[in-house]
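1. Structure for the following, please:
(one chain, ligands or ions: 2)
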Amino acid sequence: YSDPHCAAGRDTIVHLFEWKWTDIKAECERFLGPMGYCGVQVSPVNENAVVTNPSRPWYERYQPVSYNLNTRSGNEQQFRDMVSACNKAGVRIYVDAVINHMTGSYSGQGTGGSSFDGGACRFPGVPFGPNDCNGGDNCHTSDGSIHNYGNPEEVRNCRLVGLADLRLGSDYVRDKIAGFMNNLIDIGVAGFRVDAAKHMWPGDIVGVFSRLHNLRSDTFGSGKKPFIVQEVIDMGGEPIKMSEYFGTGRVTNFIFGVKLADVFLRHSNQAKWLSNFGEGWGMPSTYDVLNFLSNHDNQRGHGGGGAPITFREPKEMKIATAFMLAHPYGFPRVMSSYDWPVNYQNGNDQNNWMGPPHNGDMSTKDVRINADNTCNDGWICEHRWRQVYNMVAFRNVVAGTPLQNWQALGDNQIAFSRGTKGFIAIVGDGSHMNSDINTGLPSGDYCDVISGSYENGECTGKTVHVDGSGHAHFNINGQSDDPVVAIHIGAKK
Ligand code: ARE
Ligand code: CA
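-> Numbers count the residues shown, from 1 in each chain. Ligands and ions are numbered 1, 2, ... in the order given. Now for the predicted structure:
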């Protein structure tokens with residue numbers, strides 16, 4: 001389950017959080033395909049509770065009502081069109097699968113018109129009934145919700161923030177969930193982010209996955225299992241470990257982004273210690289992780305998982321993204337966010353519930369693209385920032401090469417090569433790098449893909465001359481907006 005099934009020469013996915021299917025289809029064709037992105041993690045695709053208080057928060061999509069494909073992102077036909085267009089453009093689709101639970105303990109209507117009563121575990125759109133949720137027989141907290149993350153039974157059998165917890169030990173429930181996932185597999189998705197995997201017994205996940213179809217052979221070849229990323233928040237302090245889930249796919253490596261925030265944002269650690277980043281820092285094997293700087297939860301203070309670097313610190317975000325994408329460890333995901341008016345009171349953002357940019361009728365706004373490649377209407381589109389997409393291309397070019405020529409020129413001045421194909425130099429603090437450095441690359445003139453791009457045989461930003469001994473001079477002001485230089489053989493004059 002750990003192979004993302006990227007098209008050849010691609011290695012980075014982007015989470016287009018809350019985007020509509022019509023916009024993702026267009027983005028695959030006009031940008032993600034041409035720029036070398038491997039795929040897109042999309043927001044949950046199945047019918048969810050319509051939450052009106054507060055008004056249509058993003059998190060309503062984590063409250064399933066049925067497995068009909070009908071959400072604010074679009075309907076089933078639009079989803080099918082997106083998947084086939086993206087696959088045609090060489091871009092994979094990964095669905096955020098919410099299969100641990102249904103809605104909170106109240107009743108109402110879903111985005112597709114199905115009714116529900118979460119308190120009684122009644123979801124006629126599936127259908128699920130009272131026997132299909134865990135309850136007093138296996139959850140022993142007084143209110144049926146999770147309070148103690150130190151108790152694995154409670155974490156797996158009780159309600160996560162009051163959400164009706166599915167009885168995944170039952171064959172009927174497993175059949176329904178697998179039916180939902182198989183529908184998506186048959187449509188042509190390449191895999192799933194499995195929400196709240198920590199809250200499901202590893203054996204129950206095996207029970208569901210053993211029912212899954214192989215991916216479509218016309219797109220992926222025969223005998224291919226879906227790519228799986230399981231959301232398990234394991235910062236080391238609880239009994240439930242990421243390692244319990246390695247048998248059924250990769251896990252979300254929350255430590256990765258927090259450690260890089262320590263270095264590049266909080267400066268509570270020094271970049272020179274990144275020399276053995278990855279397994280050497282106690283993180284899981286490169287084949288077991290999905291790495292990211294921030295996700296849709298911790299960028300807005302939800303879900304624990306530490307304080308990360310987000311688009312609100314653009315300089316640090318670009319530095320850390322360059323490091324993540326240049327570094328060989330793990331499989332990377334870039335976050336693509338929307339803006340909202342933060343309003344901190346006593347350290348809590350009162351507006352962290354706010355949903356995506358919307359029209360007067362609460363429908364999600366289209367993503368409109370400006371002439372300079374940026375996006376309109378509050379869509380941040382980090383994946384369209386030059387420093388980000390040029391590093392996606394860097395990663396594709398250096399794929400398969402080892403990290404070599406590690407050099408720390410100061411506590412926070414680092415440089416390394418990827419074999420003989422790429423090289424990066426980073427100033428992680430306000431200091432000034434002014435050094436001759438061995439790049440490990442063949443001699444020639446390279447375009448720095450951070451300050452510009454390689455276009456029509458010319459560099460639109462800095463040019464770096466590598467001499468016959470592989471050395472080049474780097475003059476990087478740590479106070480500048482982009483204190484990084486990155487060069488690779490795909491952007492050589
Ligand atoms: C909302 C309301 C609640 C209400 C509930 C039911 O906010 O007040 O009780 O609805 O009516 C998201 C939001 C939640 C939201 C939920 C449903 O973040 O606020 O609840 O959607 O709409 C734990 C889990 C982890 C989970 C995080 C958020 O282990 O799996 O909490 N993350 C995923 C998604 C979220 C999503 C859900 C799961 C639910 O990424 O977006 O919730 O589908 C320690 C532990 C962590 C724990 C963390 C927070 O760090 O180690 O495991 O994370 O504390 O408790
Ligand atoms: Ca559960």
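
2. Stretch 295-309 near ligand 1 anywhere?
-> Yes: using CB under 6 Å from any ligand atom as the criterion, contacts between stretch 295-309 and ligand 1 involve 297, 302-305. (Glycine included, C-beta is placed from N, CA and C.)

3. Tell me how many other residues surround residue 127.
-> Residue 127 has 11 neighbouring residues, counting by other CB atoms under 10 Å.

4. So it versus residue 116, what's the distance?
-> As for residue 127, its distance to residue 116 is 10 Å (criterion: CB to CB, to the nearest Å).

5. pLDDT weak spots in the stretch 151-300 of the chain?
-> Within the stretch 151-300 of the chain, no range satisfies pLDDT under 70.

6. can you map out the strands along it?
-> Using DSSP state E, counting those that start in this stretch, the strands of the stretch 151-300 of the chain run over 191-194, 227-230, 250-252, 289-291.

7. got CSV for those, with mean neighbour count too?
-> CSV is the format used below for the strands of the stretch 151-300 of the chain (neighbours: other CB atoms under 10 Å):
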stretch, mean neighbour count
strand 191-194, 28
strand 227-230, 26
strand 250-252, 28
strand 289-291, 25
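
8. got those strands as CSV, with distance to ligand 1 columns?
-> Shown next, in CSV, are those (distance: least, CB to the nearest ligand atom, whole Å):
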stretch, distance to ligand 1
strand 191-194, 9
strand 227-230, 10
strand 250-252, 9
strand 289-291, 13
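
9. Doesn't residue 433 belong to a strand?
-> Yes: according to DSSP: H, G, I helix; E, B strand; the rest coil, residue 433 belongs to a strand.

10. Tell me the spacing between it and residue 95.
-> Distance from residue 433 to residue 95, counting by CB to CB: 43 Å.

11. The two - which one has more neighbours?
-> Shown here are residue 433 and residue 95; by other CB under 10 Å, residue 95 has more neighbours (27 against 21).

12. Name the helix or strand for that one, please.
-> For residue 95, the host element (DSSP states H and E) is strand 92-97.

13. Which residue is the nearest non-sequential neighbour of the residue in the stretch 351-493 of the chain positioned nearest to ligand 2?
-> The minimum distance from the stretch 351-493 of the chain to ligand 2, using CB to the ion, falls at residue 353 (23.3 Å). Once flanking residues are discounted, residue 353 sits nearest to residue 57: 3.9 Å by CB to CB, 6 or more residues apart in numbering.

14. Same question for residue 431.
-> Once flanking residues are discounted, residue 431 sits nearest to residue 478: 4.8 Å by CB to CB, 6+ apart.

15. So the one you found sits against residue 425, correct?
-> No: if you go by CB atoms under 8 Å, residue 478 and residue 425 don't touch, sitting 11.3 Å apart.

16. Return every residue with contacts to both of the two.
-> The contact sets of residue 478 and residue 425 overlap at residue 433 (CB atoms under 8 Å, 6 or more residues apart in numbering).

17. Report how many residues lie close to residue 302.
-> There are 16 residues near residue 302, going by other CB under 10 Å.

18. Output the helix or strand encompassing residue 321 as PDB, nothing but the C-alphas.
-> Using DSSP H and E, residue 321 falls within helix 314-326. Output in PDB follows, covering the C-alpha atoms of helix 314-326 (Å, rounded to 0.1, in the frame of the first residue of the first chain):
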ATOM      1  CA  PRO A 314       5.900  32.800   3.600                       C
ATOM      2  CA  LYS A 315       9.700  33.200   3.900                       C
ATOM      3  CA  GLU A 316      10.100  30.300   6.400                       C
ATOM      4  CA  MET A 317       7.600  28.200   4.400                       C
ATOM      5  CA  LYS A 318       9.600  28.500   1.200                       C
ATOM      6  CA  ILE A 319      12.800  27.700   3.000                       C
ATOM      7  CA  ALA A 320      11.400  24.600   4.700                       C
ATOM      8  CA  THR A 321       9.600  23.500   1.500                       C
ATOM      9  CA  ALA A 322      12.900  23.700  -0.400                       C
ATOM     10  CA  PHE A 323      14.600  21.600   2.200                       C
ATOM     11  CA  MET A 324      11.700  19.000   2.300                       C
ATOM     12  CA  LEU A 325      11.600  18.700  -1.500                       C
ATOM     13  CA  ALA A 326      15.400  18.600  -1.900                       C
END
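
19. Tell me how far residue 285 lies from residue 279.
-> 6 Å.

20. Please enumerate the helices of the stretch 251-400 of the chain.
-> 254-264, 314-326, 386-398 (DSSP state H, counting those that start in this stretch).

21. Just send these back as a markdown table, with distance to ligand 2 and mean neighbour count too.
-> What follows is the helices of the stretch 251-400 of the chain, written out as a markdown table (distance: least, CB to the ion, whole Å; neighbours: other CB atoms under 10 Å):
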| stretch | distance to ligand 2 | mean neighbour count |
| --- | --- | --- |
| helix 254-264 | 19 | 23 |
| helix 314-326 | 31 | 23 |
| helix 386-398 | 35 | 23 |
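
22. Out of those, the one nearest residue 342 is which?
-> Of all the helices of the stretch 251-400 of the chain, it is helix 314-326 that lies closest to residue 342, at 15.0 Å by CB to CB.

23. centre of the chain versus the closest one, how much separation?
-> Distance of helix 314-326 from the chain centroid (CA atoms, centre = their mean, to the nearest Å) equals 15 Å.

24. same check, this time on stretch 301-316
-> Averaged C-alpha coordinates place stretch 301-316 at 13 Å from its chain's average position (CA atoms, centre = their mean).

25. Quick check: buried residues in it?
-> Within stretch 301-316, the residues scored as buried using 16 or more other CB atoms under 10 Å are 302-303, 305-306, 308-311, 313-316.

26. Please name every helix or strand in contact with the helix holding residue 321.
-> Judged by 3 or more CB pairs under 8 Å, 6 or more residues apart in numbering; DSSP states H and E, the packing partners of helix 314-326 are helix 254-264, strand 331-336, helix 386-398, strand 422-427, strand 484-488.

27. Identify the residues contacting the residue nearest the centre of the chain.
-> Centroid-nearest residue in the chain: residue 333, 4.2 Å away (criterion: CA atoms, centre = their mean). Applying CB under 8 Å, 6+ apart, we find residue 333 in contact with 12-15, 41, 290-292.

28. what residues are up against residue 63?
-> 48-49, 51, 98, 101-104, 118, 163.

29. closest to residue 79 among those?
-> Closest approach to residue 79 among the contacts of residue 63 (CB to CB): residue 48, at 14.2 Å.

30. if I look at the closest residue to the closest one other than its chain neighbours, how far off is ligand 1?
-> Of all residues not flanking residue 48 in the chain, residue 61 sits nearest, at 4.8 Å (CB to CB, 6+ apart). According to CB to the nearest ligand atom, to the nearest Å, residue 61 stands 7 Å off from ligand 1.
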